[in-house]
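Visitor: how does the following fold in three dimensions:
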Amino acid sequence: MKKCRIKFLIFFGVAVLSQSSSYSQQFSAVINNNLDKQDISFSKAGESPKNTGLIAEGMGQESFHPVSKRVDSMMVLVANWQIKHFDESVKKVYKWPNDHKLWAWTNGVLYRGILELAKTTEYPEYWDFLKSIGQKQQWDLGPKIYYADDICVGQMYAGMYKKFKDTAMLNPTKKRLQYIINNPKKTSLDFTISNNQDRWSWCDALFMAPPVFAMLGKITGTDSYFKFMDREFWTTFDTLYNKKDSLFFRDTRYKSMKEANGANVYWARGNGWVIGGLATILDNMPKQYPSRKRYIKLYQEMMTRIARMQDEHGFWHPSLLDYKSYPIPETSSTAFFTYGLAWGINRGYLDRKIYEPIAFKAWNALESAVHTDGKLGWVQEIGADPAKVSYEDTEVYGVGAFLLAGSEMIKLKSTQ
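Guide: You can find the predicted model right below:
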């Protein structure tokens, strides 16, 4: 498929936002406008949306379910926008100079999403894009040996190895992880202690590093990857998970903090990272692994709790327990939760009758956040806790999560 042959006809409306309007007013203006114009219905199996919203030519649509074709088209639209603007994002600096390096976690999440899109569509352009990144990086991870964020890009390397069976794509990751396993750190997970991030002391880390250990464990058939991952994962769980609320604190600093309404501070994207990590771990963990049922139980507890927090439009907000202070949507967390919902239904971990409507409502919401040119809006910037966000805000990791969600939504609809 040649890129120049892809044409998109889009029927979304983009609201012009007044700088003086409140976040909630912006939210209502944009979302209501976009949802009204989409007019999508997923009420019957095998039925196309009332308004397909996108028409894509030359995309091999015959291989997809009618509704799945729309999801596939949306994924391509969003991915192509991000790839077109990728050089700009690599130069972007937020608070730390390495935030958007080729090996950075931000891009690692994007690559993982594009990897799933490549597997879904089999378009060679996406495989070529990922291969070019790996070659520029010499298939190496980030510079900090133990830092989970610097390991995240290994998810893409592992996926590329599975596709092309080129050992050069995986060897640096294997070497790094084997070193970590043989020289484990014993640092406290107290986030106020120096060098705490040599271990998985923040909940985001459960998406960044454990999936890479699990993927290599499956690829190599070596138990040491799972053994190390299992021990460290549950240490983080014991430190940050609140069993009463079935949610993770971002790190130990937040265990004593409260929202304006007096509730505990639970960052939506932080818990999204955990859901995304659990899905990948379980996809790669042996069926008979001793602690597998414990991971499934955690996933089900969290998704049951999180599903109840979806707003009327299908979104989740930056803070999971204080929507009044944060009345605006947030798409990176919504995308991870959509991914988690569809993933769990597809694998039989969630009741389809209960959770499928929630998943489709969430996907509709995500589509409403896409600008006419494919830019994904409402993505909270890099951070560690709930913050304000606007329709114009986007980030590469939000796109990665969106593509992960779409990959599972296609499977969900095709199995109805």
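Visitor: what about Gln300, distance to Asp311?
Guide: Separation of Gln300 from Asp311 (C-beta to C-beta, to the nearest Å): 22 Å. All C-beta atoms are positioned from the backbone trio N, CA, C, and that covers glycine.
Visitor: oh, that last question was meant for Asn107, not what I typed.
Guide: The value you get for Asn107 to Asp311, if C-beta to C-beta is used, is 29 Å.
Visitor: more neighbours, those two?
Guide: Asn107 (25 against 16; other C-beta atoms under 10 Å).
Visitor: hang on, that one in a helix?
Guide: Yes - assigned with DSSP: H, G, I helix; E, B strand; the rest coil, Asn107 falls within a helix.
Visitor: which strands and helices lie in contact with whatever helix or strand Tyr355 lives in?
Guide: Using DSSP states H and E, Tyr355 sits within helix 352-368. Applying 3 or more C-beta pairs under 8 Å, 6 or more residues apart in numbering; DSSP states H and E, one finds that helix 352-368 contacts helix 23-38, helix 292-307, helix 331-346, helix 396-414.
Visitor: tell me which of those is the most buried.
Guide: Burial of these is given as mean neighbour count (mean count of other C-beta atoms under 10 Å); helix 331-346 ranks first at a mean of 29.
Visitor: run the angle between it and helix 292-307 for me.
Guide: Per axes from the mean of the first three to the mean of the last three C-alpha atoms, to 10 degrees, the angle that helix 331-346 makes with helix 292-307 is 130 degrees.
Visitor: and helix 331-346, average pLDDT?
Guide: Averaged across helix 331-346, pLDDT comes to 98.
Visitor: returning to what we had before: what's the closest of the helices and strands packed on helix 352-368 to Ala260?
Guide: Between Ala260 and the helices and strands packed on helix 352-368, the shortest gap by C-beta to C-beta is with helix 23-38, which sits at 14.5 Å.
Visitor: show me how far whatever helix or strand comes next after that closest one is from its chain's centre.
Guide: With elements assigned by DSSP H and E, the helix or strand that comes after helix 23-38 is helix 66-84. Centroid separation between helix 66-84 and its chain, computed with C-alpha atoms, centre = their mean, to the nearest Å, is 16 Å.
Visitor: try stretch 295-315
Guide: Counting by C-alpha atoms, centre = their mean, stretch 295-315 is centred 15 Å from the centre of its parent chain.
Visitor: can you list contacts of it?
Guide: 31, 35, 237, 241, 245-247, 271, 274-275, 278-279, 281-282, 285, 316-317, 320, 323, 329-331, 334, 337, 340-341, 344, 349-350, 355, 358, 361-366, 368, 378 (C-beta atoms under 8 Å, 6 or more residues apart in numbering).
Visitor: quick check, pLDDT for the residue nearest to the spatial centre of the chain.
Guide: Nearest to the geometric centre of the chain sits Ala401, at 2.8 Å (C-alpha atoms, centre = their mean). pLDDT, Ala401: 98.
Visitor: same check on the one 10 residues further on?
Guide: We note a pLDDT of 95 for Lys411 in this prediction.
Visitor: return the set of buried residues in stretch 183-193.
Guide: Burial within stretch 183-193, assessed by neighbour count using 16 or more other C-beta atoms under 10 Å, is assigned to Leu189, Phe191.
Visitor: sorry, back to before: so the residue nearest to the centre of the chain touches Ala335, yeah?
Guide: Yes - counting by C-beta atoms under 8 Å, Ala401 does reach Ala335; the two are 3.6 Å apart.
Visitor: what is in contact with the two at once?
Guide: Shared contacts of Ala401 and Ala335, defined by C-beta under 8 Å, 6+ apart, comprise Gly272.
Visitor: circling back to that earlier point, weed out the non-buried ones from the contacts of stretch 295-315.
Guide: 31, 35, 237, 241, 246-247, 271, 274-275, 278-279, 281-282, 285, 316-317, 320, 323, 329-331, 334, 337, 340-341, 344, 349-350, 355, 358, 361-366, 368, 378.
Visitor: number of nearby residues for the nearest residue to Ala118 once chain neighbours are set aside?
Guide: Excluding the flanking residues, the one nearest Ala118 by C-beta to C-beta, 6 or more residues apart in numbering is Tyr126, at 3.7 Å. Using other C-beta under 10 Å, Tyr126 is surrounded by 22 other residues.
Visitor: Arg347 now?
Guide: With other C-beta under 10 Å as criterion, Arg347 counts 15.
Visitor: who are the contact partners of it?
Guide: Leu282.
Visitor: quick one, phi/psi of it?
Guide: Reported as degrees, to the nearest 10, the phi and psi values for Arg347 are phi -100, psi 10.
Visitor: the helix or strand that Met215 is a member of to helix 292-307, inter-axis angle?
Guide: If you go by DSSP H and E, Met215 is part of helix 210-220. Interaxial angle, helix 210-220 versus helix 292-307 (the same axes, to 10 degrees): 140 degrees.
Visitor: coming back round to it: just the element for the residue nearest to Ala118, please.
Guide: Assigned by DSSP H and E, Tyr126 falls in helix 124-137.
Visitor: and the contacts of the helix or strand that that helix is followed by?
Guide: Using DSSP H and E, the helix or strand that follows helix 124-137 in sequence is helix 154-164. Identification of contacts with helix 154-164 by C-beta under 8 Å, 6+ apart yields 108, 111-112, 114-115, 118-119, 127, 130-131, 133-134, 139, 141, 166-167, 169-170, 172-173, 176-177, 211-212, 215-216, 219, 280.
Visitor: the next helix or strand after helix 154-164 vs helix 154-164, what angle?
Guide: For helix 154-164, the following helix or strand on the C-terminal side (DSSP H and E) is helix 171-182. Interaxial angle of helix 171-182 relative to helix 154-164 (the same axes, to 10 degrees): 130 degrees.
Visitor: the residue nearest to the centre of the chain: what's it in contact with?
Guide: With C-beta under 8 Å, 6+ apart as the criterion, the residues that contact Ala401 are Val109, Gly113, Gly272, Gly276, Thr331, Ser332, Ala335, Phe336, Tyr339.
Visitor: cool, and Phe249?
Guide: Cys203, Leu240, Tyr241, Asn242, Lys255, Asn264, Val265, Tyr266, Gly270.
Visitor: any chance of a PyMOL selection covering the buried ones in the residues you listed?
Guide: Selection of buried members from the contacts of Phe249 for PyMOL, criterion 16+ other C-beta under 10 Å:
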select buried, resi 203+240+241+264+265+266+270
